[in-house]
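Undergrad: task: produce atomic coordinates for the following.
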Amino acid sequence: MNDGRKYWIPEIETAPLEKLREIQLKKIQDLTKKVYEKSVYYKKRFDEVGVKPEDIQSLDDYDKFPMTEYTQDISAEELLSVPLDDIKMVLSSSGTTGQPKLIYINQSDIENWKLIFARFSAMYGLEKGDVVDQTFPFPTIGEGFSFPGARVVAYTHTTMVMDNLIRLMARAGTTFMLSAPGYFLMLLKRADEIGIDLRKIGMRRGVLAGESWSQSYRKRMEDDMNMKFYDLYGMVEVGHPAGECLEQNGMHTWDDLYIFEIIDPDTLKPLPDGVPGEIVLTPLWRDAMPLIRYRTGDVAFRFPYEQCPCGRTFQRISRIKGRIAHMVKIGEARIFPVDVEEVIQSIPKLSGEYQIILNKPNVQDLLEVKAECASGVEITSDLTNRLTEELNRSTGVKSKVNLIEFGGFSRGPQLKAERILKNY
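TA: Purely as a prediction, here's the structure:
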């Protein structure tokens, strides 16, 4: 049981960087050997570029190996490095930037994924007696969060119905929430509609994942809910490689379990600290369907290395700016949905719900935004002008704003908000 300890594995989470590098080297040597022998796809790719597992004598040799793109259409069977009979779980990606991908998981992957969430449980300060509500359907999350002695509300067909979930949260006394940020907004809105105030049930911490969210969202939610919110980064293909500690100053990367790179997506060259680029990941623990140098399409930057005040010695990356596929081009400017959200969430008369409207492929003429007013707020020219002016100032591009009344956005059962609407 976790009786308030800060770290799940102190000897790893506070290890010197040199020790973490030694662990990475040994694991990447073993992993490349495994995929070359077992994976149809990686045997072919390594041979195409003329590399062998024994070519990795130091981490400086790691970038000799080819990258794998998230946009590639690679069959799960080609990537498999274990017999198909060993597979215990079949998952899929969300498909937000294309067709959902089939993901194979074996028992080793399941156990290691649980332990990753046990690490997160210590980092977020979960304690015995906490009641955890997870709105993501992966069982490894709940089992990992339960290690400290917390009670986890099961994700079932019942909790997929929002009204049921809200009533269950109130009755169970949820103290810790894991949700997509857009879904959490909808949850609060619906709870108010059915007469349940989630601000009064005792929630103390929330972890938001699955999509980018802004600092102004954090401030607004923390002020409104009287609880703290933290970021968590992950995807089904690679697991969950990073998250914020209680310092809320960048996300720690699990350096003994992953190799992180930040590259220029056009040149594929590494970028220096502080410069945003595409995240490239190798999960060193995935057994059934490993990925080598996986281009995630997500944008972040790396902080200069220093030990965090929390005591962890892992590297830190910024919170995710967004996905390259969701970047909106307006003239020479490059705008992510989170740039718009930063403004939207800073205006109390807006609910926080919004969409960016695209009227043609490629480069747009202006930034067109549809935003929802807060409950009880009327649409006025003053509010429209204020949002327009602040978007112009913040993004540096010309904006056009369309305000709609509270409740004007329809929402399906998906966990992630649809922040970009294509009209072509």
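Undergrad: excluding chain neighbours, what is closest to Trp285?
TA: Leaving out its chain neighbours, the residue that sits closest to Trp285 by C-beta to C-beta, 6 or more residues apart in numbering is Asn112, at 4.7 Å. (Each C-beta comes from the backbone N, C-alpha and C, glycine too.)
Undergrad: now Leu383
TA: Leaving aside its sequence neighbours, Leu383 sits nearest to Lys349 (C-beta to C-beta, 6+ apart; 5.7 Å).
Undergrad: in the least confident helix or strand in the chain by mean pLDDT, what's buried?
TA: Among the helical and strand segments of the chain, the one scoring lowest on mean pLDDT, DSSP states H and E is helix 139-146, with a mean of 90. The neighbour-count criterion (16 or more other C-beta atoms under 10 Å) identifies Thr140, Ile141, Gly142, Glu143, Gly144, Phe145, Ser146 as the buried residues of helix 139-146.
Undergrad: could you list the low-pLDDT ranges of the chain?
TA: The chain contains residues with pLDDT under 70 at 1-4, 95-98, 411-415.
Undergrad: most remote residue from it's center?
TA: In the chain, Ser381 marks the outermost C-alpha relative to the chain mean, sitting 36.2 Å out by C-alpha atoms, centre = their mean.
Undergrad: one step back: C-terminal to the least confident helix or strand of the chain, what's the next element?
TA: Next in sequence after helix 139-146, counting helices and strands by DSSP states H and E, comes strand 151-153.
Undergrad: how about stretch 135-152 as PDB, C-alpha atoms only?
TA: In PDB, the C-alpha atoms belonging to stretch 135-152 read as follows (Å, rounded to 0.1, in the frame of the first residue of the first chain):
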ATOM      1  CA  THR A 135     -13.400   7.800 -18.000                       C
ATOM      2  CA  PHE A 136     -10.900   5.900 -20.200                       C
ATOM      3  CA  PRO A 137     -11.700   2.300 -20.800                       C
ATOM      4  CA  PHE A 138      -8.300   0.600 -20.300                       C
ATOM      5  CA  PRO A 139      -8.300  -1.800 -17.400                       C
ATOM      6  CA  THR A 140      -4.500  -1.300 -16.800                       C
ATOM      7  CA  ILE A 141      -5.200   2.300 -15.700                       C
ATOM      8  CA  GLY A 142      -7.600   1.400 -13.000                       C
ATOM      9  CA  GLU A 143      -5.600  -1.500 -11.700                       C
ATOM     10  CA  GLY A 144      -2.500   0.600 -11.500                       C
ATOM     11  CA  PHE A 145      -4.300   3.400  -9.700                       C
ATOM     12  CA  SER A 146      -5.700   0.900  -7.200                       C
ATOM     13  CA  PHE A 147      -2.200  -0.200  -6.000                       C
ATOM     14  CA  PRO A 148      -2.000   2.600  -3.300                       C
ATOM     15  CA  GLY A 149      -5.200   1.200  -1.800                       C
ATOM     16  CA  ALA A 150      -7.500   3.500  -3.700                       C
ATOM     17  CA  ARG A 151     -11.000   2.400  -4.700                       C
ATOM     18  CA  VAL A 152     -11.500   2.600  -8.500                       C
END
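Undergrad: please compute how far it lies from its chain's middle.
TA: Relative to the chain's own centre, stretch 135-152 is displaced by 17 Å; criterion: C-alpha atoms, centre = their mean, to the nearest Å.
Undergrad: ok, the residue nearest to Leu383 to Val338 distance?
TA: According to C-beta to C-beta, to the nearest Å, Lys349 stands 20 Å off from Val338.
Undergrad: more neighbours: these two, which one.
TA: Between Lys349 and Val338, counting by other C-beta atoms under 10 Å, Val338 is the more crowded of the two (23 against 17).
Undergrad: my guess is that one contacts Ser214, does it?
TA: Yes. Using C-beta atoms under 8 Å as the test, Val338 is close enough to Ser214 to be in contact (5.2 Å).
Undergrad: now the helices for the stretch 51-200 of the chain?
TA: 76-79, 107-123, 139-146, 162-172, 181-193 (DSSP state H, counting those that start in this stretch).
Undergrad: which other helices and strands contact the longest one?
TA: When you say that, I think you mean helix 107-123. With contacts taken as 3 or more C-beta pairs under 8 Å, 6 or more residues apart in numbering; DSSP states H and E, helix 107-123 sits against strand 87-92, helix 139-146, strand 239-244.
Undergrad: in it, what counts as buried?
TA: Taking 16+ other C-beta under 10 Å as the neighbour-count basis, helix 107-123 is seen to contain the buried residues 109-110, 112-123.
Undergrad: could you pick out the longest helix of this protein?
TA: Looking across the chain with DSSP state H, the single longest helix is helix 17-38.
Undergrad: can you report how many residues neighbour the nearest residue to Pro100 once chain neighbours are set aside?
TA: For Pro100, the nearest residue in space outside its immediate sequence neighbours is Ser92; the separation is 4.2 Å by C-beta to C-beta, 6+ apart. Taking other C-beta under 10 Å as the neighbour definition, Ser92 ends up with a count of 13.
Undergrad: identify the bridge partners of Ser92.
TA: Leu102 (DSSP bridges).
Undergrad: residues in contact with it?
TA: Ser92 is in contact with Pro100, Lys101, Leu102, Ile103, Val236, counting by C-beta atoms under 8 Å, 6 or more residues apart in numbering.
Undergrad: let's see that with 10 Å instead.
TA: Taking C-beta atoms under 10 Å, 6 or more residues apart in numbering, we find Ser92 in contact with Ala76, Gln99, Pro100, Lys101, Leu102, Ile103, Val236, Glu237.
Undergrad: repeat for Lys33
TA: For Lys33, the residues meeting the contact criterion (C-beta under 10 Å, 6+ apart) are Lys52, Pro53, Glu54, Ile56.
Undergrad: helix 17-38 and the following helix or strand past the longest helix of the chain, what's the angle between them?
TA: Tracing the chain past helix 17-38, the next element assigned as helix or strand by DSSP H and E is helix 40-49. With axes from the mean of the first three to the mean of the last three C-alpha atoms, to 10 degrees as the basis, helix 40-49 and helix 17-38 are set at 100 degrees to each other.
Undergrad: only C-alpha atoms, please: export helix 40-49 in PDB.
TA: Provided in PDB are the C-alpha atoms of helix 40-49 (Å, rounded to 0.1, in the frame of the first residue of the first chain):
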ATOM      1  CA  VAL A  40       8.400  -9.100 -40.100                       C
ATOM      2  CA  TYR A  41       8.200  -5.400 -40.400                       C
ATOM      3  CA  TYR A  42      11.400  -4.400 -38.500                       C
ATOM      4  CA  LYS A  43      13.500  -7.200 -40.100                       C
ATOM      5  CA  LYS A  44      12.500  -5.700 -43.500                       C
ATOM      6  CA  ARG A  45      13.100  -2.100 -42.400                       C
ATOM      7  CA  PHE A  46      16.500  -2.700 -40.800                       C
ATOM      8  CA  ASP A  47      17.700  -4.600 -43.900                       C
ATOM      9  CA  GLU A  48      16.400  -1.800 -46.200                       C
ATOM     10  CA  VAL A  49      18.600   0.800 -44.400                       C
END
